[in-house]
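*Asks:* Quick one, what's the 3D model for this:
(chains A and B)
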Amino acid sequence: MITILSDHWQELLTGLGWTLLSSVLALIFSLIIGSLFAIMEVTESKVARTIARIYIEIFRNIPLLVITSFFYLVIPMYVVKVNGFTAGTIGLTIYTSAFIAETVRSGIQSVDPGQMEGARANGLTFWQAMSNVILPQAFRLVIPPLGNQFVNLVKNSSVLAFVAGFDLMYQANNIASITFDTINSYMVVGVLYLIITMPISYYMRYLEKRLA
Amino acid sequence: MKKQFRLATLLVALGALMLTLSGCGKSLSQQDVLQNDRKANTITWGVKADTKLFGLMDVRDNQIKGFDVDMAKHITRHILGKKGKAKFIQVTSQSRIPLLKNGNIDAIIATMTITPQREKVVSFSNSYFDAGQSLLVPNGSKIKNVSDLNKSGTTVLGVVGANSVQNIKKFAPKARVLELQDYAQALTSLKAGQGVALTTDNGILYGMAVQNPGFKVVGGTFTREPYGVAVNKGQKPFTNEVNKAIKEMEADGEYNQLIKKWFGNVPGFNYKELER
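*Replies:* Numbers count the residues shown, from 1 in each chain, chains lettered A, B, ... in the order given. Predicted coordinates:
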């Protein structure tokens, strides 16, 4: 493992960088998109609810690899050029946002309906009530499952390897195929993934203790 | 304190798991393959299943077909006799050496070039096919040869674990190389415009050009890539038998028949050059 680290630290560092960048981008956008769809699911508008349901059910139930390959191989043929990194990150965002939407929706629905009624009775609009009263409580409730989604997102970012997105897994494949030292190459990368995901797990646990 | 103890236990467990894993796979590959195969009357070959002309899965009958596959069948018959069975396992450029090392396959016959780096980890038979690296581009492409690729901003496609991606880094150091999982995906990526050219051995590229009329092979060959059968180190008796089988096939014309069968009808490819 040491030789792999010392001979290939540059590739591994690049891989770590791309994995982190992709994960952070996907995390931010999937949180925004996911929350939006979660709110759409609980509005009174039937159209909004239906759109949200369709989006969530489609992307929650298609494998991430299929979504990513679609953006990498099909979109460039007909629409616009997308490189591997972008395709992978878009795929990750869409896929994760569907799960986050479901998580956040369950949080919103477990907030007592009286809270919404009370807020509305005090003259707040739907959006004001949502952002000031319901969502703060909902997010507190869904921290543990949300943490799971974030950890999953980092691990799922290995899908980038399939579309040549230069991430950790891609570098691992290359290092393994150059050095023929398969076991150690993948072990090094496994440890690097742990270095990213463990702090997330611990931070989420800390948040959970402090807020809930 | 208690927390630290838990973390330490976790790390110890992880370390133990790693040690067990790195210990795996040795026992199988260290047994005498030739003896085992004689007993079972079967040789297990690792072959490509995504490479037209060498090893391609025929979806109609679920059989892998190609020059490598036929070579393997003939070599099996030469080693084990007429009733010997050849079993085929699908490999990619990336998975073939690990699968050989852990004993899943007895030998690799999968468009594998004999290189000094690979000879450090596996043993090769004598070469059974002479390929050379070339380029596949869409019809109408401005790229005529490998030096056209040596510009920053050009992207070349290859396959992880293939010798050709190491070569192209030498011949066109300014180009960016994307390494895809297998040849099918590399070709789809070329169609999707993810790169301007796909590089690998000419035999494989001609196979793609046959199936995909919008693409052509250009630039001739810029490397020599002799293919060999790879077996685990320390399997000298088996390697010798493979070499003997190849020699016998060349002597009695079986080899040339196979060359003609697979490469006789490939446009732009002079199969006579390959005959031995």
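*Asks:* May I have the phi/psi pair for B:Arg224?
*Replies:* Per-residue torsions, B:Arg224: phi -110, psi 130 (degrees, to the nearest 10).
*Asks:* again, but for A:Met40
*Replies:* Dihedral angles for A:Met40 - degrees, to the nearest 10 - are phi -60, psi -30.
*Asks:* what about the residue nearest to it when sequence neighbours are not counted, neighbour count?
*Replies:* Closest residue to A:Met40 apart from its sequence neighbours, by Cβ to Cβ, 6 or more residues apart in numbering or on different chains: A:Ala52 at 3.9 Å. (Glycine included, C-beta is placed from N, CA and C.) The tally of other residues near A:Ala52 (other Cβ atoms under 10 Å in any protein chain shown) stands at 22.
*Asks:* what do you get for B:Asn36?
*Replies:* Look at B:Asn36: counted by other Cβ under 10 Å, it has 16 neighbours.
*Asks:* measure it to B:Asp106 for me?
*Replies:* Distance of B:Asn36 to B:Asp106, computed by Cβ to Cβ, to the nearest Å: 8 Å.
*Asks:* Kindly report the same for A:Ser6.
*Replies:* Relative to B:Asp106, and taking Cβ to Cβ, A:Ser6 is found at 34 Å.
*Asks:* These two: which has the busier surroundings?
*Replies:* Under the neighbour definition other Cβ under 10 Å, A:Ser6 and B:Asp106 were set side by side, and B:Asp106 has more, 24 against 8.
*Asks:* I'd guessed the more buried one sits against B:Val33; true?
*Replies:* Yes. Using Cβ atoms under 8 Å, B:Asp106 is in contact with B:Val33, at 4.9 Å.
*Asks:* where do the contact lists of the two overlap?
*Replies:* Common contacts of B:Asp106 and B:Val33 (Cβ atoms under 8 Å, 6 or more residues apart in numbering or on different chains): B:231, B:238.
*Asks:* Counting by contacts, list what whichever strand or helix holds A:Ser177 packs against.
*Replies:* For A:Ser177, the host element (DSSP states H and E) is helix A:168-179. Here helix A:168-179 touches helix A:2-42, helix A:182-211, strand B:176-180, going by 3 or more Cβ pairs under 8 Å, 6 or more residues apart in numbering or on different chains; DSSP states H and E.
*Asks:* right, so the ones you listed: which one is the most enclosed?
*Replies:* Between those, strand B:176-180 has the highest mean count of neighbours, a mean of 21, where neighbours are mean count of other Cβ atoms under 10 Å in any protein chain shown.
*Asks:* strand partners of that strand, parallel vs antiparallel please.
*Replies:* If you go by DSSP bridges, strand B:176-180 pairs up with strand B:155-159 (parallel).
*Asks:* Show me what the mean pLDDT comes to for the partner strand.
*Replies:* Mean per-residue pLDDT for strand B:155-159: 94.
*Asks:* Other residues contacting the following helix or strand past that strand?
*Replies:* Toward the C-terminal end, the helix or strand that comes next after strand B:155-159 (DSSP H and E) is helix B:163-171. Residues lying outside helix B:163-171 but in contact with it, judged by Cβ under 8 Å, 6+ apart, are A:178, B:113, B:115, B:118, B:133, B:146-147, B:149-150, B:156, B:158-159, B:175, B:177, B:179, B:199-201, B:222-223, B:225.
*Asks:* Over to stretch A:163-171?
*Replies:* Residues from elsewhere that reach stretch A:163-171, judged by Cβ under 8 Å, 6+ apart: A:8, A:11-12, A:14-16, A:18-19, A:22, A:68-69, A:72, A:83-85, A:87-89, A:157-158, A:160-161, A:189, A:192-193, B:178-180, B:189, B:194.
*Asks:* Over to stretch A:56-69?
*Replies:* For stretch A:56-69, the surrounding residues in contact (Cβ under 8 Å, 6+ apart) are A:37, A:41, A:87-88, A:90-92, A:94-95, A:97-99, A:101-102, A:156, A:159-160, A:162-163.
*Asks:* next one: stretch B:155-162
*Replies:* By Cβ under 8 Å, 6+ apart, stretch B:155-162 touches A:173-174, A:176-177, B:92-97, B:149, B:164-165, B:168, B:172, B:175-183, B:186, B:189-190, B:194-200.
*Asks:* neighbours around the residue of chain A found nearest chain B, how many?
*Replies:* Residue nearest to chain B within chain A: A:Ser177 (3.5 Å; Cβ to the nearest Cβ). With neighbours defined by other Cβ under 10 Å, the count for A:Ser177 comes to 25.
*Asks:* which residues in chain B form helices?
*Replies:* Along chain B, counting by DSSP state H, helices occupy B:2-23, B:26-30, B:33-40, B:67-80, B:96-101, B:116-119, B:163-171, B:183-191, B:202-211, B:236-251, B:254-263.
*Asks:* average pLDDT for the longest one?
*Replies:* Think helix B:2-23. Helix B:2-23 comes out at a mean pLDDT of 68.
*Asks:* Tell me how far the residue in chain B that chain A sits nearest to lies from B:Arg96.
*Replies:* In chain B, the residue that lies nearest chain A is B:Gly161 (3.5 Å; Cβ to the nearest Cβ). Distance of B:Gly161 to B:Arg96, computed by Cβ to Cβ: 7 Å.
*Asks:* now the helix or strand hosting A:Phe139: mean pLDDT?
*Replies:* Here A:Phe139, judged by DSSP H and E, is contained in helix A:135-141. Across helix A:135-141, pLDDT averages out at 92.
*Asks:* What helices and strands are in contact with it?
*Replies:* Judged by 3+ Cβ pairs under 8 Å, 6+ apart, helix A:135-141 is in contact with helix A:84-110.
*Asks:* ok, residues contacting the following helix or strand past the helix it packs on?
*Replies:* Scanning forward in sequence from helix A:84-110 by DSSP H and E, the next helix or strand is helix A:113-121. Contact partners of helix A:113-121, identified using Cβ under 8 Å, 6+ apart, comprise A:126, A:128-129, A:132-134, A:137.
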